[in-house]
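Peer 1: Based on what follows, work out the 3D shape:
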Amino acid sequence: MKQIVKSAALFLAVSSISTVSFAGEGSGCGLGQTVFKGQSGLMANVLAATTNGTAGNQTFGLTSGTSGCNAEAVVKNDSQREIFVAANLDNLSQEMAQGHGDHLASLAAIMKVESKDEAAFYSLAQNEFGNIFKSDAVDANHIMASLDSAMLQDQNLAKYIH
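Peer 2: Numbering: from 1, shown residues only. Alright, predicted model coming up:
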């Protein structure tokens, strides 16, 4: 099971190249951005990013300047964390409460937390669990905003918040 979660996290990190945001578009550029243009929300962005990545058209769009792609645009990767948290919400909730686990380790990897700071990250997640999961109705954006806020208060972990 640990190997599957680690493999999934590695796949997510490697595939993030095709799901990064270009010039403020949550799903990136490509066919998915064109098809789902004007739609908002996590599901629309996930579907658009998936279409961009699986159709293999993002590279063509970047080199040709079509499908909403701009080769000179600034790369952003803000939504990757939220997508991972949304997809693994139950497991992350449980593991944050415990202060350890494969999904929490995967989130640390996505956030590029260095191995020397992982124990502090796990401890902070456990200590802030009550603030992060204030109710059963929290969503990925709330969780990441609460976690970011807590990390900003920690001198060693603040550097991982961009």
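Peer 1: can we go C-alpha only for contacts and neighbour counts from here?
Peer 2: Will do.
Peer 1: Show me where this protein has its strands.
Peer 2: Applying DSSP state E to the chain gives strands spanning 21-22, 75-76.
Peer 1: Compare those strands and say which comes out lowest on pLDDT.
Peer 2: Per-segment mean pLDDT for the strands of the chain reaches its minimum on strand 21-22, at a mean of 36.
Peer 1: Quick check: buried residues in stretch 150-162?
Peer 2: Neighbour-count burial for stretch 150-162 flags 150-152, 157 (criterion: 16 or more other Cα atoms under 10 Å).
Peer 1: can you check stretch 32-40 too?
Peer 2: Buried residues in stretch 32-40, counted by 16+ other Cα under 10 Å: 32-34, 36.
Peer 1: Find the least confident helix or strand in the chain, judged by mean pLDDT.
Peer 2: strand 21-22 (a mean of 36; mean pLDDT, DSSP states H and E).
Peer 1: Is there a neighbour count for the nearest residue to residue 103 once chain neighbours are set aside? I'd like the number.
Peer 2: Spatial nearest neighbour of residue 103, chain neighbours left out: residue 92 (5.9 Å); criterion: Cα to Cα, 6 or more residues apart in numbering. Here the count is done by other Cα atoms under 10 Å, and residue 92 has 24 residues near it.
Peer 1: cool, and residue 117?
Peer 2: 12.
Peer 1: correct me, but it touches residue 155?
Peer 2: No - using Cα atoms under 8 Å, residue 117 is not in contact with residue 155, being 11.0 Å away.
Peer 1: domains of the protein?
Peer 2: 21-76, 82-160 (automatic domain parsing).
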